[in-house]
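In: model the following, please.
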Amino acid sequence: MFPATQMPNDPSPSQRRARRAALIIGGAAVLALVMIGLVAVTVSPAEEPENVNTLEVAQSVCDAGRHGTRLEDNGSTLVVDMRGGADKAGVDLVTLECILEKLRVPEGVKQKMFSTRPRDGRQDGTWAGTTASWTYDPDTGLDLTVSRAG
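Out: Here you go, the predicted model:
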């Protein structure tokens, strides 16, 4: 008859090892593909689609009421007027920081912007196809113009 440990339809030990190896290899392959996908999503920069106007997005998200921003030049320029000590009209610091974040202004340009003194005159910075120029006075606040090519 049959040995006590093996039934007529039971796979042999070598068949069981082959199935186990195939399952392990298949599982490892699936896991590797998932990990590659996660790394690709994490490493790739989050870019806006080309047809999205980030200046319009920054204005609509950060200053929807347009209390201190305006779009010019068919949407290729964003003008930002920040409040100052004597000038109470314009955006506040939180709104300005929101705009700078939406426009992905590099930290170096932000630091230059926030350390500008009245005697420094008009300053400028560039990044990723974008140019910005600004002046600062404690009474009138920061006046910023951001332009995108195209």
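In: in the protein, what secondary structure element scores lowest on mean pLDDT?
Out: Across the helices and strands of the chain, mean pLDDT, DSSP states H and E gives its lowest value to helix 13-43, namely a mean of 70.
In: just checking, what packs against the helix or strand just after that helix?
Out: The first helix or strand that comes after helix 13-43 along the chain, using DSSP states H and E, is helix 54-62. Counting contacts by 3 or more Cβ pairs under 8 Å, 6 or more residues apart in numbering; DSSP states H and E, helix 54-62 packs against strand 69-72, strand 77-81, helix 93-102, strand 141-148. C-betas here are computed from N, CA, C, even on glycine.
In: just the buried residues of the shortest one, please?
Out: Read that as strand 69-72. Thr69, Leu71 (16 or more other Cβ atoms under 10 Å).
In: next: the third one.
Out: The neighbour-count criterion (16+ other Cβ under 10 Å) identifies Thr95, Leu96, Cys98, Ile99, Leu100, Lys102 as the buried residues of helix 93-102.
In: what is the end-to-end distance of stretch 59-67?
Out: From its first residue to its last, stretch 59-67 covers 10 Å (Cα to Cα, to the nearest Å).
In: can you give me the mean pLDDT across stretch 91-100?
Out: On average, the pLDDT along stretch 91-100 is 96.
In: how much space separates Pro13 from Arg20?
Out: Distance of Pro13 to Arg20, given as Cβ to Cβ, to the nearest Å: 10 Å.
In: again, but for Asp87
Out: 75 Å.
In: for the two, work out which one has more neighbours and name it.
Out: For Asp87 versus Arg20, neighbours defined as other Cβ atoms under 10 Å are more numerous around Asp87 (15 against 10).
In: can you tell me the helix or strand for that one?
Out: Using DSSP H and E, no helix or strand contains Asp87.
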